[in-house]
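[1] Predicted model, plus sequence, below.
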Amino acid sequence: MTAATPSATEGTCEATYAQDLLNLVETLLPGTVLQPGFLVRAAYRLSGPVDEKALRQALDDVVARHGALRTLLLRDGETLRQRVLPPKPVPLTVTRLGPHESADDWIADVTTRPHPHDELPLLYAYLARRDDGETLLALVAHHIASDAWSQDVIAHDLATAYTARLRGEELLSADVMQYADIAAEDRSDEWQARIAEALPYWRDRLADAQGLGLPAETPDAAPGPSAVHAFRVDDALRRAVRDAARRGRTTPFTLLLTAFVGALLPPGDAMVPVITAGRIPSEWNTVGFLLNVLQIRVEHTGPDGLHDLRPRVDRRCREAYANDIPLLPVLRENPHLLERMTARDRVAPVFQMIVRRPERPSAETSALGLDRLPLDAQPPLPIPLPFLWTMRWDDAPGGYVTYDAHLFSPAWMERAVDTYQGVLTELVR
């Protein structure tokens with residue numbers, strides 16, 4: 001992030017609440033956000049022949065469409081501002097893989113390379129070809145400009161732009177909600193009134209929340225490297241979760257979160273920071289960092305009260321979403337939460353369920369077939385959190401835990417996942 005001079009702030013706009021949250025994290029934990037490894041990534045197997053020229057043009061079309069991918073962050077005193085710059089070509093690196101070279105090793109290599117936050121554009125592409133015709137594509141973006149939802153938007157728009165380039169059709173339009181527009185809406189009178197209306201709920205729910213969290217296996221250990229533990233959910237359990245959600249008139253997310261609380265957190269007062277997509281429908285096609293965090297606080301009576309826990313979690317989730325506002329104003333009203341969220345004795349047990357961007361049926365056949373590849377086996381990307389439990393509920397349901405390797409051991413994670421799967425099975429029985 002660059003310190004701004006008076007002239008440097010000309011032509012800038014305010015940051016979004018999500019960017020301000022990243023700025024706060026960087027202030028509390030320097031070098032965790034504004035570093036070249038704070039990235040999001042996706043990898044695909046491509047079907048059919050790939051025209052490299054059209055692919056390069058399509059990548060540039062995507063950057064031209066989405067201002068977030070060509071935005072610099074500037075600090076003007078205590079205020080964060082953003083400047084959207086003209087499009088620049090997207091770096092596309094092409095590699096020829098030998099017959100014995102691993103696709104996973106190539107993906108691991110290109111998606112963990114350093115990608116600075118202040119070198120535009122903030123999107124990088126890597127293409128790998130084999131002599132047998134297999135073609136792989138990896139897309140990497142800096143996290144200050146993108147999130148998991150945005151990666152789906154980028155892939156969709158890339159396929160659309162590539163098809164248009166190949167067929168000589170109308171090029172990808174820039175007529176989409178821009179990230180800078182969201183920043184303006186964040187400060188609008190309407191949104192400020194909404195925040196003021198919801199803050200009393202959060203002030204009440206988060207009072208006296210000190211000391212809540214997940215006890216670390218090695219409390220107060222010095223910060224260590226990120227590690228990841230991946231796991232799968234079998235088809236029988238997936239169907240059982242779906243059916244139980246229907247019977248209980250709730251959602252799979254609520255059941256997954258209930259099992260998380262019941263399996264991992266000590267009985268008593270429990271609070272789980274839940275990462276959400278932070279989007280309304282008008283922002284579904286926008287690229288940018290839009291994640292939000294809702295604090296779900298619930299009374300947990302222990303293993304014998306598992307089935308009573310589910311309706312409590314359901315109720316608290318519904319309340320939280322009804323009062324969904326950016327985390328930053330909530331933190332300003334509840335400054336004690338900052339200490340709790342950065343504690344290393346009882347860590348914040350952050351939970352998320354990856355939500356894919358809704359796809360509208362299209363009569364058009366894309367010229368660029370993108371088959372998304374699972375990245376569970378890939379090395380973890382560094383995150384400014386000591387513990388993050390992620391559930392993926394798609395065609396291959398499962399999850400992965402990203403954690404500080406000095407606070408928890410692989411054996412602890414193995415036991416935690418086994419307990420979680422057992423509790424989830426009991427919950428939906």
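    Sure, I can see it.

[2] quick one, strands of the stretch 251-400 of the chain?
    With DSSP state E, counting those that start in this stretch as the criterion, the stretch 251-400 of the chain has strands at 268-276, 292-300, 346-347, 350-354, 369-372, 387-392, 398-404.

[3] Now do the fourth one and strand 387-392, the angle between them.
    Going back to what we said before, that points to strand 350-354. Going by axes from the mean of the first three to the mean of the last three CA atoms, to 10 degrees, strand 350-354 is angled at 20 degrees with respect to strand 387-392.

[4] Strand 350-354 pairs with which strands, and in what direction?
    Sheet pairing of strand 350-354 (DSSP bridges) gives strand 268-276 (parallel), strand 387-392 (parallel).

[5] and if you look at the shortest one?
    Here strand 346-347 is paired, per DSSP bridges, with strand 214-215 (antiparallel).

[6] Toward the C-terminus from the strand it pairs with, list the very next helix or strand.
    strand 226-232 (DSSP states H and E).

[7] ok, and what's touching that next one?
    For strand 226-232, the external contacting residues (CB atoms under 8 Å, 6 or more residues apart in numbering) are 376-377, 379-383, 396-405, 410, 413-414, 417, 421. In this view, the C-beta of every residue, glycine as well, is placed from N, C-alpha and C.

[8] of those residues, buried ones?
    380-383, 397-405, 413, 417, 421 (16 or more other CB atoms under 10 Å).

[9] so how far is stretch 266-275 from its chain's centroid?
    Remark: stretch 266-275 is offset 20 Å from the chain centroid, using CA atoms, centre = their mean, to the nearest Å.

[10] any idea of the mean pLDDT for the longest helix seen in the chain?
    In the chain, assigned by DSSP state H, the helix with the most residues is helix 148-167. Confidence for helix 148-167, expressed as mean pLDDT, is 95.

[11] Give me the buried stretch members for that helix, please.
    For helix 148-167, using 16+ other CB under 10 Å, the buried residues are 148-166.

[12] And the strands paired with strand 350-354: which comes nearest C317?
    strand 268-276 (7.9 Å; CB to CB).

[13] Now stretch 367-380: buried residues?
    Neighbour-count burial for stretch 367-380 [16+ other CB under 10 Å]: 367-368, 370, 373, 375, 378, 380.

[14] Okay, the closest residue to F38 other than its chain neighbours and Y44: tell me how far apart.
    In space, and not counting its chain neighbours, F38 is closest to H143: 4.7 Å by CB to CB, 6 or more residues apart in numbering. H143 sits 19 Å away from Y44, taking CB to CB, to the nearest Å as the criterion.

[15] When the two are compared, which one has more neighbours?
    H143 (25 against 19; other CB atoms under 10 Å).

[16] thought the more buried one was touching V33?
    Yes. Shown here, H143 and V33 form a contact pair, counting by CB atoms under 8 Å, at 7.5 Å.

[17] which SS state does D61 fall under?
    helix (DSSP: H, G, I helix; E, B strand; the rest coil).

[18] what's the residue lying closest to it once chain neighbours are set aside in contact with, if anything?
    The shortest distance from D61 to any non-neighbouring residue, by CB to CB, 6+ apart, is to A161 (3.9 Å). For A161, the contact set (CB under 8 Å, 6+ apart) comprises 57-59, 61-62, 65, 171-172.

[19] Since that was my last question, I'll sign off now.
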